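**Q** Next comes the sequence, and after it the predicted model I'd like to discuss.
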Amino acid sequence: MNFSGIRLGVNQSTFIKDPESSELGLRIIRGSIDMIEEMGMESFTFRKLAKEISSTEASIYRYFESKYKLLLYLTTWYWSWMDYRLSFQLANIESAETRLDRAIRLLVEEVKEDSDFSHINEVKLNHIVIAESSKAYLTKEVDDVNSKGVFSTYKGLVGTISDIIHELQPDYKYPHMLLSTVIEGAHHQRFFAEHLPRLTDVVKGEDAIGEFYRELVFKAIGRTLPR
């Protein structure tokens, strides 16, 4: 049940029961985003979530077998949403330079709420992805999770933009490495800007993080940055 009528694909191995199929499931998603963004994954528990949404732990476990699987669901939804947005950003754009520039901006810009998805606060979810998403893959279970296709949307997003890089510079050898570095690096820089500002740079009148990564990508492939 998505009140906008738009549903994003999320790998089914991340949940037991689709949380978008019921009002309780939507409350679980909304409540978990609020709580994880506020207290972090370490302090977050299903017991606390149940109390917050006036439900029971047992009910939450009917949707997710663990808070790790819930984190996988949230991060997978986020990358599906980014892929959804990318398709609109690139539609009917012939220039590969413009498509690449739009894609990089999308990957590194500050996130705003999307009215298409009323049960998700994308700004808070972005904060979770920045602070917590590495816990989804820096685990002993990563190979098993990957074998189930959980990271396929994230990898597909990187692949789509890598193809644009190869349009512009067919001999460039490291497009996937470049783009994953951009994504993860931009996340770190957003975190630094809020919490450890001496590890990043602030330039008055511009989004310094966005401009840095746009410049980095185009210089790496030997192309002029569009203005």
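**A** Perfect, thanks for sending it. Numbering: from 1, shown residues only.
**Q** In what element of secondary structure is His166 found?
**A** Element membership of His166 [criterion: DSSP states H and E] is helix 152-168.
**Q** do Glu113 as well
**A** Residue-wise, Glu113 maps onto no helix or strand under DSSP H and E.
**Q** any idea of the mean pLDDT for stretch 107-118?
**A** Mean pLDDT, stretch 107-118: 88.
**Q** Identify the residues contacting the helix holding His166?
**A** By C-beta atoms under 8 Å, 6 or more residues apart in numbering, the surrounding residues in contact with helix 152-168 are 9, 11, 75-76, 79-80, 82-83, 86, 96-97, 99-100, 103-104, 107, 172, 175-176, 178-180, 183, 217, 221, 223. The way it works is simple: take the backbone N, C-alpha and C, and place the C-beta from them, glycine included.
**Q** Can you point out the buried residues in it?
**A** Thr153, Tyr154, Leu157, Val158, Thr160, Ile161, Ser162, Ile164, Ile165, Leu168 (16 or more other C-beta atoms under 10 Å).
**Q** For Trp79, see how far away Ile120 is.
**A** 13 Å (C-beta to C-beta, to the nearest Å).
**Q** I misspoke; the intended subject was Val123.
**A** Where Trp79 is concerned, Val123 sits at a distance of 16 Å (C-beta to C-beta).
**Q** quick one, which of those two is more surrounded?
**A** It is Trp79, of Val123 and Trp79, that has more neighbours when counted by other C-beta atoms under 10 Å, with 22 against 14.
**Q** Identify the residues contacting Tyr174.
**A** Ala220.
**Q** One more pass at 10 Å, please.
**A** Contact analysis of Tyr174 by C-beta atoms under 10 Å, 6 or more residues apart in numbering lists Ser162, Ile165, Thr181, Ala220, Ile221.
**Q** hmm, back to that, now the contacts of helix 152-168: which count as buried?
**A** The buried subset of those (16+ other C-beta under 10 Å) comprises 11, 75-76, 79-80, 82-83, 86, 96-97, 99-100, 103-104, 107, 175, 178-179, 183, 217, 221, 223.
**Q** from the chain's centre, how far out does the lowest-mean-pLDDT helix or strand in the chain sit?
**A** Least confident element among the helices and strands of the chain, by mean pLDDT, DSSP states H and E: helix 134-137 (a mean of 94). Its chain's C-alpha centre and that of helix 134-137 lie 12 Å apart, by C-alpha atoms, centre = their mean, to the nearest Å.
**Q** Remind me what it packs against, helices and strands.
**A** helix 67-90, helix 142-147, helix 175-195 (3 or more C-beta pairs under 10 Å, 6 or more residues apart in numbering; DSSP states H and E).
**Q** Tabulate those helices (TSV), appending mean pLDDT.
**A** Shown next, in TSV, are the helices and strands packed on helix 134-137 (pLDDT from 0 to 100):
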stretch	mean pLDDT
helix 67-90	96
helix 142-147	96
helix 175-195	96
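**Q** now these in CSV, with distance to Asp18?
**A** Compiled in CSV, the helices and strands packed on helix 134-137 are given as follows (distance: least, C-beta to C-beta, whole Å):
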stretch, distance to Asp18
helix 67-90, 10
helix 142-147, 19
helix 175-195, 27
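**Q** Would you mind listing the residues in contact with Ala186?
**A** Counting by C-beta under 10 Å, 6+ apart, Ala186 touches Ile104, Leu107, Val108, Glu109, Ile130, Ile209, Gly210, Phe212, Tyr213, Leu216.
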